[in-house]
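> below is the sequence, then the predicted model.
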There are 2 protein chains.
Amino acid sequence: MLFFTQCFGAVLDLIHLRFQHYKAKRVFSAAGQLVCVVNPTHSLKYASTRCAAAQTSTEQGVLPPCHHHEAVHDPQLVPCMCPLFSCPWEGHLEVVVSHLRQTHHINILQGAEIVFLATDMHLPAPTDWIIMHSCLGHQFLLVLRKQEKYEGHPQFFATMMLIGTPTQADNFTYRLELNRNQRRLKWEATPRSVLECVDSVISDGDCLVLNTSLAQLFSDNGSLAIGIAITTSKVHNAEAEV
Amino acid sequence: MLFFTQCFGAVLDLIHLRFQHYKAKRVFSAAGQLVCVVNPTHSLKYASTRCAAAQTSTEQGVLPPCHHHEAVHDPQLVPCMCPLFSCPWEGHLEVVVSHLRQTHHINILQGAEIVFLATDMHLPAPTDWIIMHSCLGHQFLLVLRKQEKYEGHPQFFATMMLIGTPTQADNFTYRLELNRNQRRLKWEATPRSVLECVDSVISDGDCLVLNTSLAQLFSDNGSLAIGIAITTSKVHNAEAEV
């Protein structure tokens, strides 16, 4: 009986996912982009506790997760950049992607333009929606975070980070786009490197910021569809000059 | 002696304005748009006191400034829509523009694409930056407001309103664009009619919202340049269908 109940639940989940996929496709139908449904992960740490942990670990002689590239002696060795967990892992930049996939089960998507469909936007802060995005020969980490910077007033912060060095990150431009009910909001910027802590990017506010009322205006039945596009900025500039 | 001091002050002001104009031109130089320097006006009222005043005036049988179109018997007669003052004026929609120019000295600019350069962004909330914009045969009111929705956390709200009816407003799309330091933020929406209260648009958050850190990222020496473009949405849709 329990088996049948679970099967029924799984079928309902599939129908729900299919419905959400259809909704996102409808929103961005013109572009014919790949839609990825991203479920939330309730963050296991606060930014503040993590920074405290980082400080403690520095005192103990362990590498801190934030601003790691400033303190480390071997610049090729980086700690786990997954913003969800205080993970003790560290390794070379080249193996960050496989660590995030295997240990933290973060999906990776291919394609220059994709749609990130974050579900259950109503969940209380702190909550993260994370995905990896492979395009133009590099891997990017997209983080959408619901956080209460000011107590009782949750906001949404979205940013894209390159799994690479800051110099490599300078070659790209990412665009996040919300589009619903005759309203459109676009944010374009150079991605930061994962060597810079995602917590500091969010606390600086150097990302797409949505307050709850704007997030509700762009959401459809509790899900927020974000169109993502990545371009190589230097090649574009060079073309413009020619 | 006082005369010479004043003259010197006026010359300094002119140099300062010229410098700001040059800065804005540099930011949006590619588009070759008209740049308008807009000085702040410290708001003489809070949204809340105005709404209270509106409620009191309703009780006394006077037309309320907010949601006027729902309560008024003669839909052609509207109160003063200037969001800065609790002005007792009322008149027909056709004479709102001349009232705003003559009584409140709000500038009017011509052209489909202009740059609105708001100065002195550091001034404490509540502060408004207002301009009228004449284009496509209609007049629009652009309001940038610095307001503390949450005590101690000022935010910037920018919206465009048509000096016309909600049905006329549906024919247009306005775009506000910030562009600085390899970052770009665009907001596109249908303008609201001035018959809807600007206070309610801002409290709904259905506009471009910037927190202080984002506003600082886009500001240059205390001034924020906002590129404005207005298009006719229905004509565009009809063209797309053809």
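Now that the structure is in, tell me what you want to look at.
> ok, A:L210 - contacts?
A:Q155, A:F156, A:F157, A:A158, A:L178, A:L185, A:F218 (Cβ atoms under 8 Å, 6 or more residues apart in numbering or on different chains). Any C-beta I mention is one placed from the backbone N, CA and C, and that applies to glycine too.
> got a winner among those for most neighbours?
The residue in the contacts of A:L210 with the most neighbours, by other Cβ atoms under 10 Å in any protein chain shown, is A:F156 (25 neighbours).
> elements contacting the one helix or strand that one maps to?
Assigned by DSSP states H and E, A:F156 belongs to strand A:153-162. In terms of contacts (3 or more Cβ pairs under 8 Å, 6 or more residues apart in numbering or on different chains; DSSP states H and E), strand A:153-162 is packed against strand A:138-150, helix A:166-169, strand A:172-180, strand A:192-193, helix A:198-204, strand A:208-211, helix A:212-218, strand A:223-232.
> output these as CSV; include the columns mean pLDDT.
Output for the helices and strands packed on strand A:153-162, formatted as CSV (pLDDT from 0 to 100):
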stretch, mean pLDDT
strand A:138-150, 91
helix A:166-169, 94
strand A:172-180, 96
strand A:192-193, 92
helix A:198-204, 84
strand A:208-211, 92
helix A:212-218, 91
strand A:223-232, 94
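> from what I can see A:T173 touches A:I228, true?
No - A:T173 is beyond contact range of A:I228, at 11.8 Å (criterion: Cβ atoms under 8 Å).
> residues of chain A that sit close to chain B?
The interface of chain A toward chain B, taken as Cβ under 8 Å from any Cβ of the partner chain, is made up of A:150, A:153, A:155, A:173, A:182-190, A:204-206, A:209, A:211-214, A:217, A:233.
> re earlier: tell me which of the contacts of A:L210 has the lowest pLDDT.
For the contacts of A:L210, the weakest pLDDT value sits at A:Q155, with 91.
> about what we covered before: whichever of the residues of chain A next to chain B end up buried, select them in ChimeraX.
Those of those that count as buried under 16 or more other Cβ atoms under 10 Å in any protein chain shown are selected in ChimeraX with:
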select /A:155,173,183,184,185,186,187,188,189,190,205,206,209,211,214,217,233
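> rewinding a little: out of the helices and strands packed on strand A:153-162, which is closest to B:K146?
strand A:208-211 (15.2 Å; Cβ to Cβ).
> any idea which element the residue lying closest to A:F140 once chain neighbours are set aside lies in?
Take A:F140 and drop its neighbours on the chain: the residue closest to it by Cβ to Cβ, 6 or more residues apart in numbering or on different chains is A:H133, 4.5 Å away. Using DSSP H and E, A:H133 sits within strand A:127-135.
> quick one: contacts for the residue nearest to A:S213 when sequence neighbours are not counted?
Leaving out its chain neighbours, the residue that sits closest to A:S213 by Cβ to Cβ, 6+ apart is B:G205, at 3.3 Å. Counting by Cβ under 8 Å, 6+ apart, B:G205 makes contact with A:N211, A:T212, A:S213, A:L214, A:L217, B:F157.
> switch the cut-off to 7 Å
Listed by Cβ atoms under 7 Å, 6 or more residues apart in numbering or on different chains, the contact set of B:G205 reads A:N211, A:S213, A:L214.
> ok, the first one touching B:V209?
This means A:N211. Yes - counting by Cβ atoms under 7 Å, A:N211 does reach B:V209; the two are 5.9 Å apart.
> out of the contacts of A:L210, who's nearest B:F116?
A:L185 (18.4 Å).
> am I right that the closest one falls within a strand?
Yes - under DSSP: H, G, I helix; E, B strand; the rest coil, A:L185 sits within a strand.
> and A:V96, what helix or strand is that in?
helix A:96-104.
> who does the next helix or strand after that helix pair up with?
Later in the chain than helix A:96-104, the nearest helix or strand by DSSP H and E is strand A:108-110. As defined by DSSP bridges, the strand partners of strand A:108-110 come to strand A:127-135 (parallel).
> show me what the strand it pairs with is in contact with.
A:36, A:38, A:40-43, A:83-84, A:97, A:100, A:106-112, A:114, A:116, A:118, A:139-146, A:228, A:230.
> what's the closest residue to A:W89 other than its chain neighbours in contact with, if anything?
Counting by Cβ to Cβ, 6+ apart, A:W89 lies nearest to A:C80, which is 4.2 Å off, once chain neighbours are set aside. By Cβ under 7 Å, 6+ apart, the contact list for A:C80 reads A:C87, A:W89, A:E90, A:H99.
> can you tell me how far A:C80 sits from B:I226?
40 Å (Cβ to Cβ, to the nearest Å).
> do A:Q155 as well
22 Å.
> what do you get for A:I114?
Distance from A:I114 to B:I226, by Cβ to Cβ: 30 Å.
> A:P79 too?
In terms of Cβ to Cβ, A:P79 sits 40 Å off from B:I226.
> lowest-pLDDT helix or strand in chain A?
helix A:47-59 (a mean of 34; mean pLDDT, DSSP states H and E).
> which ones among the contacts of A:C80 map onto strands?
Of the positions in the contacts of A:C80, A:E90 sit in strands, assigned by DSSP state E.
> which of the contacts of A:C80 tops the neighbour count?
Result: A:H99 is most packed of the contacts of A:C80 (other Cβ under 10 Å), 19 neighbours.
> hang on, A:E113 packs against A:T231?
No - counting by Cβ under 7 Å, A:E113 does not reach A:T231; the two are 9.8 Å apart.
> measure stretch A:117-134 end to end?
17 Å (Cα to Cα, to the nearest Å).
> same deal with stretch A:179-191?
End-to-end distance for stretch A:179-191, by Cα to Cα: 21 Å.
> for the closest residue to A:H122 other than its chain neighbours, give me its contacts.
The spatially closest residue to A:H122, leaving aside those adjacent along the chain, is A:G222, at 5.6 Å (Cβ to Cβ, 6+ apart). Residues near A:G222 by Cβ under 7 Å, 6+ apart: A:T119, A:D120, A:M121, A:H122.
> residues near the second one, how many?
What that stands for is A:D120. 14.
> just confirm it is within a helix.
No - assigned with three-state DSSP, A:D120 falls outside any helix and is coil.
> ramachandran coordinates for the closest residue to A:R184 other than its chain neighbours?
Nearest in space to A:R184, with sequence neighbours left out and distances taken as Cβ to Cβ, 6+ apart, is B:E188 at 4.0 Å. For B:E188, the backbone dihedrals (degrees, to the nearest 10) come out as phi -130, psi 130.
> which residues touch B:E188?
A:R183, A:R184, B:T173, B:R175.
> what does A:R175 give?
Residues near A:R175 by Cβ under 7 Å, 6+ apart: A:K186, A:E188, A:A229.
> kindly report the same for A:Q110.
By Cβ under 7 Å, 6+ apart, the residues touching A:Q110 are A:S134, A:C135.
> would you confirm that A:T165 contacts A:V194?
No - if you go by Cβ under 7 Å, A:T165 and A:V194 don't touch, sitting 9.4 Å apart.
> so between these two, which is more surrounded?
More neighbours surround A:V194 than the other of A:T165 and A:V194, with 28 against 15 (other Cβ under 10 Å).
> distance check, the more buried one against chain B.
Distance from A:V194 to chain B, counting by Cβ to the nearest Cβ, to the nearest Å: 19 Å.
> wait, what's in contact with that residue?
With Cβ under 7 Å, 6+ apart, A:V194 has these contacts: A:M81, A:V96, A:L141, A:M161, A:L162, A:I163.
> many thanks, I have nothing further to ask.
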